[in-house]
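Asks: A structural model of the following input is requested.
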Amino acid sequence: MDAIRYIVFIFVFLIVNTPIYLQLYRVFLINKKPITIISLTALYWFGAIFTENFIPFIVVILLLYRYHLKVNRSEGAREDDLGHKADGEESYMRDINVWSFDRHSVLNVTIATLVVKVLVTIINAIYINMLSLIVKTEIQPQEVVTDFYESGFWPRFILFFVIVIFAPFVEEYVFRYFLYDKLFLPRMPRGFAAFLSAIIFTTAHYNLSGIPSFFGLALFCTYMYEKRGYFAAVTAHMVFNLSTVILLVFIKM
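Replies: Numbering: from 1, shown residues only. A predicted model of the protein is given here:
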């Protein structure tokens, strides 16, 4: 069982960090001196190992601020002040700019997410009841949920930021932008791309009892990404995770 856990850890670590590093290299490192590339590469990977999602989160914010938002600031912009050309895939067969942020839509996204959260929770509860009839062993919650239950105040405080802030920015960048939009969409129909990225997202969370929740969240965030862009998907992911944390706090009390 420990061997499986290590394999899953390596899979999740690579599936999350490789796309972010590739973007970091393409945007910032490709024209640097070899010693700079080696140093920053080592810093990123060691930081990613020892800081959970913190270093990937910092890099994603850097990519957003210094690349995506600048490249896509004006309609039809083809390159930023660093000389990087805009990715054609970022507006692949859609009318919206996926990097625009509409603060007026936050409330609508929040309400829609909470409705989806309730529906997914009901489906997940039914699924767990059915699963318990098939699987004779005790069904375990996601590891981060167990950590949240068993941790003291400060570890739980840090976990709050990891779950509610860091994870949504990082995971939406990896699974919605890089895998779904940049990698899959140019090569397959939209439905297949959404389904495949949702499967990978669900697998990366490695929790049998939460499959409907993770899969439903992935499809919903893909829908938000398509209709309102990256930041709407991040908002939906944050609200979904925040509602879970609030529920855990009440259960803990």
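Asks: pull the contacting residues for the one residue sitting closest to the centre of the chain.
Replies: Taking CA atoms, centre = their mean as the criterion, E171 is the residue nearest the geometric centre of the chain, at 1.3 Å. With contact set as CB atoms under 8 Å, 6 or more residues apart in numbering, E171 has these partners: V16, F201, H237. C-beta: built from backbone N, CA, C; applies to glycine.
Asks: compute the distance between it and A233, please.
Replies: Here E171 is placed at a distance of 9 Å from A233 (CB to CB, to the nearest Å).
Asks: how about T202?
Replies: Distance, T202 to A233, using CB to CB: 16 Å.
Asks: what about these two, which has more around it?
Replies: Using other CB atoms under 10 Å as the criterion, T202 and A233 rank with A233 on top: 29 against 21.
Asks: the more buried one reaches K227, doesn't it?
Replies: No. Counting by CB atoms under 8 Å, A233 sits too far from K227 to count as a contact (9.5 Å).
Asks: next, the contact list for the closest residue to V98 other than its chain neighbours, please.
Replies: Distances taken as CB to CB, 6 or more residues apart in numbering place G229 nearest to V98, at 4.2 Å, with adjacent residues excluded. Counting by CB under 8 Å, 6+ apart, G229 makes contact with I96, N97, V98, W99, S100, F101, D102.
Asks: swap in 6 Å and give it another go.
Replies: I96, V98, S100 (CB atoms under 6 Å, 6 or more residues apart in numbering).
Asks: check Y173 too.
Replies: Taking CB under 6 Å, 6+ apart, we find Y173 in contact with V60.
Asks: same thing with H237?
Replies: Residues near H237 by CB under 6 Å, 6+ apart: P168, E172, C221.
Asks: pull the number of nearby residues for the second one.
Replies: Burial of E172, expressed as a neighbour count using other CB under 10 Å, amounts to 27.
Asks: where does it sit: helix, strand or coil?
Replies: Three-state call for E172 (DSSP: H, G, I helix; E, B strand; the rest coil): helix.
Asks: what's the answer for the first one, then?
Replies: In the three-state summary, P168 is assigned as helix, counting by three-state DSSP.
Asks: what sits closest to it if chain neighbours are left out?
Replies: Closest to P168 by CB to CB, 6+ apart is H237, at 3.6 Å.
Asks: quick check: the gap between that neighbour and Y44.
Replies: 23 Å.
Asks: for S132, same thing?
Replies: 42 Å.
Asks: who has more neighbours, those two?
Replies: Neighbours per residue (other CB under 10 Å) separate S132 from Y44, with Y44 holding more: 20 against 13.
Asks: chain center to the strand or helix carrying the more buried one, what's the gap?
Replies: Assigning secondary structure by DSSP states H and E places Y44 in helix 34-50. Centre-to-centre, helix 34-50 and its host chain are 22 Å apart (CA atoms, centre = their mean, to the nearest Å).
Asks: re earlier: if I look at the residue nearest to V98, how far off is Q23?
Replies: G229 is 17 Å from Q23, by CB to CB.
Asks: same question for L62.
Replies: L62 is 10 Å from Q23, by CB to CB.
Asks: which residues are in contact with the closest residue to F184 other than its chain neighbours?
Replies: Spatially, and ignoring its direct neighbours in sequence, F184 is nearest to A193 (3.7 Å; CB to CB, 6+ apart). A193 sits next to Y180, F184, L185 when contact means CB under 6 Å, 6+ apart.
Asks: any of those residues buried? List them.
Replies: By neighbour count, with 16 or more other CB atoms under 10 Å, the contacts of A193 hold Y180, F184, L185 as buried.
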